[in-house]
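K.L.:
any chance you can model this:
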Amino acid sequence: ISHLTSDPYTPEQNPFAKRSNCTTVSKSRRLLKDSGLGKSYWAEAANTAVYLENLTPNKAINFQTPYFKWFERHPSLKNLHPFGCEATSLILPSPSKFSQKGELGIFIGYGEGHGTYWILNLETGNVKISPHVKFNDNIFPALSYPDSNKTDTFTISDNLYLPAINPNVKTSNIILGENTENQTDLPKFKGYIWTNEPINKTKEIVGEVGDPRNILDTSRQPKHSASFSELSLLDPKNYKQAINSVESKNWEQAISQELQNMAKHSVWSPCNEPNNCKPLTTTWVFKQNTDEDGNLTKFKARLCVPGFNQREGIDYNKVFSPTVRLTSLQLLLTLCSRSKFIVEKMDVRCAFLNGTPDKPLYIYRPNGYKENENCNIFKLNCSFYGLKQSLQRCASKNWIVSMQH
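P.N.:
Here you go, the predicted structure:
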């Protein structure tokens, strides 16, 4: 067996491999240019380029993707993001309850694991692999500051000179000085100012300092903020918190109303402990309903079964239930509007309780239930909130016949 190699600087002797490498290098160069990253990240750009090539239709294979030819299924494109965009990764494990949960970085590639990404930390320069990432596809942090591979070295100045503000003038903005001589447009990045001037730590700010209340805060405000009125509407996490809370009377009334509703529909009946069936536990879910103005309207308590405790084939079989597409609903409303039909809506209260379970199910005594004190095990006669098959059993009921009568 003779091992033959191509001559140096003669790519025409190995056209297929050389042309493929040329395509990868060209795409990698474009990724680095658009993201603002330096040449030191050429390996990450090349890996991303090859990853994207495998998801791109190719004329040589009848406009199919290499991914489809290998795995015989179409790839998912939900995890695609621009190379070099801003990414915030989750910090695991969290140092403390009140510490920062995420760290800002730059997306520089896809990991080999399922749904993982390579994130470059802006502060330390380290690269981490994480599946818990939130992306901002429209921001490219590397474009906001110069790179050592592209321009000269810059230093960071720790002096920020602000003009003196007259405390007698009531204003909410800072008026900058008119001296613009020898000023150039400097790129800004995360609150720092990049400058070619050496750092001067001895120079002092000359002038009187105005009222700090008149200084405009230009920092970005959080998208979501909670008022004190919203903080007071915290819902209890369990039965014990609800009973011991300030609104315990309202929660007890809501619990009593829910249990009366269960008795009205004969949801369960007392029984002996089954031999070959493990009873399920129950949990309370509490919610304070408010109107559009934020005013409290109702205390609501819902008794549920944690469906994750169910075992497939033993506690349930089928879980599929049909749903209505939004486009189908829009089509029906359009036809009704054109034909001038009257459209009415209805709400089925306790809809899940109208279904019957397909398997014998048992539950332990719920918290707050005081009837049948001598019995701790109950058999479910109806579908229950939280069961995996509740929606399927509810959908299998013949609602049309019931509505006609």
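
K.L.:
list the contacts for the closest residue to residue 83 other than its chain neighbours?
P.N.:
Among residues not flanking residue 83 along the chain, residue 31 sits closest, at 4.5 Å (CB to CB, 6 or more residues apart in numbering). (Glycine included, C-beta is placed from N, CA and C.) By CB atoms under 8 Å, 6 or more residues apart in numbering, residue 31 lies in contact with 45, 48, 49, 83, 84.

K.L.:
low pLDDT regions in the stretch 201-350 of the chain?
P.N.:
Low-confidence segments of the stretch 201-350 of the chain (pLDDT under 70): 201-233.

K.L.:
ok, which stretches of it are helices?
P.N.:
Counting by DSSP state H, counting those that start in this stretch, the stretch 201-350 of the chain has helices at residues 228-231, 239-243, 248-264, 326-339.

K.L.:
any chance of a markdown table for these, columns distance to residue 76 and mean neighbour count?
P.N.:
Below are the helices of the stretch 201-350 of the chain laid out as a markdown table (distance: least, CB to CB, whole Å; neighbours: other CB atoms under 10 Å):
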| stretch | distance to residue 76 | mean neighbour count |
| --- | --- | --- |
| helix 228-231 | 37 | 9 |
| helix 239-243 | 41 | 17 |
| helix 248-264 | 41 | 15 |
| helix 326-339 | 22 | 10 |
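
K.L.:
residue 354 is nearest to which of those helices?
P.N.:
helix 248-264 (12.1 Å; CB to CB).

K.L.:
can I get that closest one as PDB, trimmed to CA atoms?
P.N.:
This file holds the C-alpha atoms of helix 248-264, laid out as PDB (Å, rounded to 0.1, in the frame of the first residue of the first chain):
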ATOM      1  CA  SER A 248     -55.800  32.500  57.400                       C
ATOM      2  CA  LYS A 249     -59.600  33.100  57.600                       C
ATOM      3  CA  ASN A 250     -59.900  33.800  53.900                       C
ATOM      4  CA  TRP A 251     -57.800  30.700  53.000                       C
ATOM      5  CA  GLU A 252     -59.800  28.500  55.300                       C
ATOM      6  CA  GLN A 253     -63.000  29.700  53.600                       C
ATOM      7  CA  ALA A 254     -61.400  28.900  50.200                       C
ATOM      8  CA  ILE A 255     -60.400  25.500  51.400                       C
ATOM      9  CA  SER A 256     -63.900  24.800  52.800                       C
ATOM     10  CA  GLN A 257     -65.400  25.800  49.500                       C
ATOM     11  CA  GLU A 258     -63.100  23.600  47.500                       C
ATOM     12  CA  LEU A 259     -63.900  20.600  49.700                       C
ATOM     13  CA  GLN A 260     -67.600  21.200  49.400                       C
ATOM     14  CA  ASN A 261     -67.200  21.300  45.700                       C
ATOM     15  CA  MET A 262     -65.500  17.900  45.900                       C
ATOM     16  CA  ALA A 263     -68.300  16.500  48.000                       C
ATOM     17  CA  LYS A 264     -70.900  17.800  45.500                       C
END
